[in-house]
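got a predicted structure plus its sequence, pasted below:
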Amino acid sequence: MTLKKYHQIRLIVTVLIAVIFSQSLIMKNFIFPLITIIAAWLFLNYLRRQVKEVIADERDYQVSGQSAFSAIQIYSWVAVIIMFVLYASRDLNPAYEAVALTLAYSTCFLMFVYSLIFKFHDKIILSKNKLIYAFIISALIAFLAIFTLRFFSGEDNWICQKGEWVKHGQPSFPAPSVPCK
C-alpha cells in the first residue's frame, strides 16, 4: 500500500468515527463509540504496517515531541490562569468553584502523566532493569486504583431511593435538582 492511499483511508476512517460518535451520543449509547475507536485503532495499525514507504523519520519524531511539550506547557498556563479567574469569581456563581477545581486537578494530572511517560521513555526503555520498573509501575497503578476507589466512591453523596433523594453520609452540596427516578 502506498503512503498516499493510507492517508486517504485514514481520513475516511476519521470521518466515519466522527459520524458514529455523534450519532451514538445523540442516541445516548456510550459503549458503541468506545468499540468504534478501538476497532478503528486496530484497523489503522494494521494498515500502517502494510505501507511500504517511510511514514515518519527522526525529524518528525523530534518535532512531534517538541510540539507535545509546547502544547502541554501552553495548556497548563492557560488552564491555571482560567482556574484562578474562576476560583476568584466563585462568589458570583458557585459552579465556578467546581469548574476551577476540575481544571486544576486535570492540569495536575496531565503534567503527572507527562512526567511518567517522559521518565518511562528516558529511563526504562534504555534500562537493563525493565522488570523492576515494571513492578514499580504496576504497584503505583494498583495504589492509584485503591486510592481512587476509596476517596471517590461516593461515600458522602445523595442516593435516589423510591423517587426521593436521600442523604448518604455528609454530602457537602445540596440535593440534585433533577427528578429522582
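Great, that's in hand.

mind checking which helix or strand the residue nearest to the spatial centre of the chain is in?
Taking CA atoms, centre = their mean, the centroid of the chain lies closest to Leu110, which sits 8.4 Å from it. Element membership for Leu110 (DSSP states H and E) is helix 95-119.

that helix packs against which elements?
helix 58-88 (3 or more CB pairs under 8 Å, 6 or more residues apart in numbering; DSSP states H and E). Glycine gets a C-beta too; all of them are placed from N, C-alpha and C.

quick one, the helix it packs on and helix 95-119 angle?
150 degrees (axes from the mean of the first three to the mean of the last three CA atoms, to 10 degrees).

how is this structure partitioned into domains?
Per automatic domain parsing, the structural domains of the chain span 3-50, 59-126.

now the longest one: how far from the chain's centre is it?
It refers to domain 59-126. 11 Å (CA atoms, centre = their mean, to the nearest Å).

swap in the first one?
Here domain 3-50 is found 18 Å from its chain centre; the criterion is CA atoms, centre = their mean.

average pLDDT for that domain?
For domain 3-50, the mean per-residue pLDDT is 90.

and that domain, end to end?
One end of domain 3-50 to the other measures 9 Å (CA to CA, to the nearest Å).

over to stretch 169-181?
End-to-end for stretch 169-181, by CA to CA: 21 Å.

check what pLDDT Trp77 gets.
So, for Trp77, pLDDT stands at 94.

that older thread, any chance of JSON lines for the domains of the chain, columns distance to Pro171?
Conversion of the domains of the chain to JSON lines gives the following (distance: least, CB to CB, whole Å):
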{"stretch": "domain 3-50", "distance to Pro171": "26"}
{"stretch": "domain 59-126", "distance to Pro171": "14"}
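
what comes into contact with the helix or strand Cys160 falls within?
Using DSSP H and E, Cys160 sits within strand 157-161. Outside strand 157-161, the residues that touch it by CB atoms under 8 Å, 6 or more residues apart in numbering are Trp165, Val166, Lys167, His168, Gly169, Pro171, Ala175, Pro176, Cys180, Lys181.

just among those residues, which is most surrounded?
Trp165 (18 neighbours; other CB atoms under 10 Å).

the closest residue to that one other than its chain neighbours in helix, strand or coil?
Here the nearest residue to Trp165 in space, its sequence neighbours aside, is Ala175; by CB to CB, 6 or more residues apart in numbering that works out to 4.1 Å. Secondary structure, DSSP: H, G, I helix; E, B strand; the rest coil: Ala175 is coil.

how much space between Ala145 and Thr107?
Separation of Ala145 from Thr107 (CB to CB, to the nearest Å): 22 Å.

actually Ala88, sorry about that
17 Å.

ok, those two, which is more surrounded?
Thr107 (19 against 11).

residue contacts, the closest residue to that one other than its chain neighbours?
Leaving out its chain neighbours, the residue that sits closest to Thr107 by CB to CB, 6+ apart is Ala79, at 4.4 Å. Applying CB under 8 Å, 6+ apart to Ala79 gives the contacts Leu103, Ala104, Ser106, Thr107.
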